[in-house]
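> Any chance you could fold what I've pasted below:
(chains A and B)
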Protein chains: 2
Amino acid sequence: MSTLTLPETIPSVPEDCEQLRKAFEGWGTNEGLVISILGHRNAAQRKLIRQTYAETYGEDLLKALNKELTNDFERVVVLWTLDPAERDALLANEATKRWTSSNQVLVEIACTRSSHDLLLVRQAYHARYKKSLEEDVAYHTTGDFCKLLVPLVSSYRYEGDEVNMTLAKSEAKILHEKISEKAYNHEDIIRILATRSKAQINATLNHYKNEFGNDINKDLKTDPKDEFLAILRATVKCLNRPEKYFEKILRLAINKRGTDEGALTRVIATRAEVDMKFIRDEYHRRSSVPLDRAIVKDTNGDYENMLLALIGHGDA
Amino acid sequence: MSTLTLPETIPSVPEDCEQLRKAFEGWGTNEGLVISILGHRNAAQRKLIRQTYAETYGEDLLKALNKELTNDFERVVVLWTLDPAERDALLANEATKRWTSSNQVLVEIACTRSSHDLLLVRQAYHARYKKSLEEDVAYHTTGDFCKLLVPLVSSYRYEGDEVNMTLAKSEAKILHEKISEKAYNHEDIIRILATRSKAQINATLNHYKNEFGNDINKDLKTDPKDEFLAILRATVKCLNRPEKYFEKILRLAINKRGTDEGALTRVIATRAEVDMKFIRDEYHRRSSVPLDRAIVKDTNGDYENMLLALIGHGDA
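Numbers count the residues shown, from 1 in each chain, chains lettered A, B, ... in the order given. Just a heads-up that it's a prediction; the model follows:
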């Protein structure tokens, strides 16, 4: 499911650190060397590299990357090099600070990570910001967005496969009733989406479709401009079909006039080691263009090369 | 802070198991022997005893206790023998099932445990009930109680000592405004109590008292019969002065016509290894009677002896 490619023989950690140090030395930075190392090491290996680099050179590798690299290339390398939980904590913190109601990053982090991984994000958030994630989300959001987002980021969903079919039926009915009444912010809709296990929600949404004819997200699209409805649809999609959710984010980021590098970078840096293969396949199927070709067309230079490395493009 | 007393030489775990097995054999149970062992072992030791007992006799010690003991004595021994996180999961599950708005057990568990311990409770809840704690709380509660309790049981508060005094002042003002308007269920009151760190809440409540003259809980007592106000006061007290909260629960349980054994058992079984010394001292100060004497007066037999053992009474 990961698109990351590792070299056949992986250099020792001290060797990697030495090469990175070399890449930073002298006039200009050797960006290609940075990509050839960091773009081809998994999370555990990158963590060791960061530790050893700090021990050897007395400097945080991330600080060095911030100093040596620039713009979109800097952003993707820094995000990628961070530990996944720290990376999510950083993305979530940014999302709370420049909150706009269309910002779906919090939904993404709350609903596409496993319960355990979301917990690690909350721990990393404590360590990094001396506050809790839910505290910042509750403080910076208001109204219906707050009512939905706080329980989503605080959730610790049961992860077993057991499904209660009676409950699925009764809750599909509740969802349908509230949506028919346009009571989109009803506490039962939020309760079901924020607390039930993903397996249970899947059963409920299947029953919804069988019984009432439409995908729930179709019924949640009565007003394409309503931003709360958009967040609800994102929640459903992140819980139920994360790879389709991410494929669409990529598609919109690339097809925009002027690529949305923020979204492109975020999706590739957070999913490369998780489900990027599915997302890449889904993108190809849905856009009739392979993802690597679309990226080559839309981006340039070191940034392009790093993205291609992370999605497993042959020559990167 | 714990009132548990351990023998000078602690028998080996297999010896303890053998003695417990003996206590269960033949006609009648040797309750004194059960107390002399389980009433004087700490959480780690009891855990080992449960493991070894199951390995040696092919039976869960808790099942044996359920079979051999009865009534209040059974309840206190079983609760005590459980791992703290499992015990809280069980208490919380009971609280969701026989929910009455006056039930403060959920507040107790959500607000007096550390963030890490509350997390262990949520994990134990998954393992035991194949559901999440917040899922059951959200499903079984309604209205304002639901609005308060779901974020409380889902919280993972920051535990550092850092305090933002500017924030403490502004949030004390918000609390005072909303309380003056009798908007007790206002989202800001719930947000502050459910997400801020205990250190931050303490600073906010100090400022509240300095600036506006009363303890917040005095201002939350306009209608002594209002059950939502009672739950809010319990939340404040559990966050801010847990030993005073528990002292009062004990005092009310003992002073009732017909002791409230449920509350007495719960407080002693959950606090003996935590802060029972403070609670016991506070009880003596507040009631002018030592806690052990009050328990001797109100309870009997094996139940009495087990409670006395757990609160560190000399001869038990």
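> What count of nearby residues applies to A:Thr270?
22 (other CB atoms under 10 Å in any protein chain shown). C-beta here means a position set from N, CA and C on the backbone, and glycine is covered the same way.
> Next, the contact list for it, please.
A:Leu79, A:Pro84, A:Arg87, A:Asp88, A:Leu91, A:Glu108 (CB atoms under 8 Å, 6 or more residues apart in numbering or on different chains).
> pLDDT at it, what is it?
A:Thr270 is assigned 98 on the pLDDT scale.
> same check, this time on A:Lys225
91.
> chain center to stretch A:47-60, what's the gap?
Stretch A:47-60 has its C-alpha centroid displaced from the chain centroid by 26 Å (CA atoms, centre = their mean, to the nearest Å).
> quick one: contacts of that stretch?
Contact partners of stretch A:47-60, identified using CB under 8 Å, 6+ apart, comprise A:13-14, A:16-17, A:20-21, A:37-38, A:41, A:61-62, A:64, A:81, A:83.
> Columns pLDDT on top of the contacts of A:Thr270, output as TSV?
Shown next, in TSV, are the contacts of A:Thr270 (pLDDT from 0 to 100):
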residue	pLDDT
A:Leu79	98
A:Pro84	97
A:Arg87	98
A:Asp88	98
A:Leu91	96
A:Glu108	97
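> and whatever residue of the stretch 201-316 of chain A ends up closest to chain B, how many neighbours?
Chain B sits closest to A:Ile201 of the stretch 201-316 of chain A, with a gap of 11.0 Å, by CB to the nearest CB. By other CB under 10 Å, the residues close to A:Ile201 number 22.
> okay but it is in contact with A:Ile192, surely?
Yes. Using CB atoms under 8 Å, A:Ile201 is in contact with A:Ile192, at 7.1 Å.
> related to what we said a few turns ago, check which helix or strand the residue of the stretch 201-316 of chain A closest to chain B maps to.
Using DSSP states H and E, A:Ile201 sits within helix A:198-212.
> and the next element down the chain from that helix?
Next along from helix A:198-212, by DSSP H and E: helix A:216-219.
> who are the neighbours of that following helix, in terms of helices and strands?
Counting contacts by 3 or more CB pairs under 8 Å, 6 or more residues apart in numbering or on different chains; DSSP states H and E, helix A:216-219 packs against helix A:165-180, helix A:198-212, helix A:227-240.
> what's the residue nearest to A:Asn93 when sequence neighbours are not counted in contact with, if anything?
Leaving out its chain neighbours, the residue that sits closest to A:Asn93 by CB to CB, 6 or more residues apart in numbering or on different chains is A:Tyr129, at 5.9 Å. Going by CB under 8 Å, 6+ apart, A:Tyr129 touches A:Ala89, A:Asn93, A:Asp136.
> In contact with the residue of the stretch 201-316 of chain A closest to chain B: list those residues for me.
Applying CB under 8 Å, 6+ apart to A:Ile201 gives the contacts A:Ile192, A:Leu193, A:Leu239, A:Asn240.
> Need the per-residue pLDDT for A:Lys97.
86.
> Skip the chain neighbours and tell me the closest residue to it.
Sequence neighbours aside, A:His140 is the residue nearest to A:Lys97 in space, at 7.1 Å (criterion: CB to CB, 6+ apart).
> From what I see, A:Ile174 and A:Asp188 are in contact.
Yes. Under the criterion of CB under 8 Å, A:Ile174 is in contact with A:Asp188, at a separation of 5.1 Å.
> picking that back up, of all the contacts of A:Ile201, which comes closest to B:Cys146?
Using CB to CB, A:Ile192 comes nearest to B:Cys146 of the contacts of A:Ile201, at 13.2 Å.
> Burial check on that closest one, number of neighbours?
Around A:Ile192 there are 23 other residues, counting by other CB under 10 Å.
> got it, and A:Glu304?
The burial count for A:Glu304: 19, using other CB under 10 Å.
> Show me which residues of the helix or strand it falls within are buried.
Using DSSP H and E, A:Glu304 maps to helix A:301-310. Under the neighbour-count criterion of 16 or more other CB atoms under 10 Å in any protein chain shown, helix A:301-310 has A:Asp302, A:Tyr303, A:Glu304, A:Asn305, A:Met306, A:Leu307, A:Leu308, A:Ala309, A:Leu310 buried.
> ditto for stretch A:257-274
Result for stretch A:257-274 [16+ other CB under 10 Å]: buried residues A:259-261, A:263-274.
> cool, and stretch A:143-160?
In terms of neighbour count (16+ other CB under 10 Å), stretch A:143-160 has its buried residues at A:144-158.
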